[in-house]
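Enquirer: the sequence isn't on hand, but the structure is:
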């Protein structure tokens, strides 16, 4: 009954006063919440499956591509595009882990992820990859 007798304006002023007194969260606190959300995202099943499938494709994609003998004309472009996407996802994983985990930098996993990301350069044909290069053997014998 007492709550019903309280005028509407005084209730709103009380909420406004409380909101004015309450300070916004500090940048440190906002950063901690942001890192916690990002950490949960990296630890989610979806991201683990995504990065594991990227790893499998990075390891076996090029060999499988050659095993199935896809034609070079559209095949190299498709394979390069997929390898570039995997390369950027690997780089994104390294950056996100650096942001989330203080102990990640200079750890074993940091160097393994860095080495794996950089090794993708050798899988992309127009960078340092083998696809698209014609092997010519110089010999005096005419075929």
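Expert: That came through, no problem. What you are looking at is a predicted structure, and each value in this text was computed from that prediction instead of being measured.

Enquirer: pLDDT score for residue 75?
Expert: We have a pLDDT of 88 for residue 75.

Enquirer: residue 115: neighbour count?
Expert: Residue 115 sits with 9 neighbouring residues when counted by other Cβ atoms under 10 Å. Any C-beta I mention is one placed from the backbone N, CA and C, and that applies to glycine too.

Enquirer: in which helix or strand does it reside?
Expert: For residue 115, the host element (DSSP states H and E) is helix 108-119.

Enquirer: contacts for that helix, please.
Expert: Applying Cβ atoms under 8 Å, 6 or more residues apart in numbering, the contact partners of helix 108-119 are 55, 58, 87, 90-91, 93-94, 97-98, 104.

Enquirer: name the nearest residue to residue 104, sequence neighbours excluded.
Expert: Using Cβ to Cβ, 6 or more residues apart in numbering and skipping residues adjacent in sequence, the residue nearest residue 104 is residue 97, 4.7 Å away.

Enquirer: tell me the contacts of that neighbour?
Expert: Applying Cβ under 8 Å, 6+ apart, the residues contacting residue 97 are 42, 104, 109-110, 113.

Enquirer: rewinding a little: need the buried ones from the contacts of helix 108-119 selected in ChimeraX.
Expert: Those of the contacts of helix 108-119 that count as buried under 16 or more other Cβ atoms under 10 Å are selected in ChimeraX with:
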select :58,87,90,93,94,97,104
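
Enquirer: export the contacts of helix 108-119 as JSON lines, with columns for distance to residue 73 and pLDDT.
Expert: Below are these laid out as JSON lines (distance: Cβ to Cβ, whole Å; pLDDT from 0 to 100):
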{"residue": "55", "distance to residue 73": "28", "pLDDT": "95"}
{"residue": "58", "distance to residue 73": "23", "pLDDT": "95"}
{"residue": "87", "distance to residue 73": "23", "pLDDT": "96"}
{"residue": "90", "distance to residue 73": "27", "pLDDT": "96"}
{"residue": "91", "distance to residue 73": "29", "pLDDT": "96"}
{"residue": "93", "distance to residue 73": "32", "pLDDT": "95"}
{"residue": "94", "distance to residue 73": "34", "pLDDT": "96"}
{"residue": "97", "distance to residue 73": "38", "pLDDT": "95"}
{"residue": "98", "distance to residue 73": "39", "pLDDT": "95"}
{"residue": "104", "distance to residue 73": "42", "pLDDT": "96"}
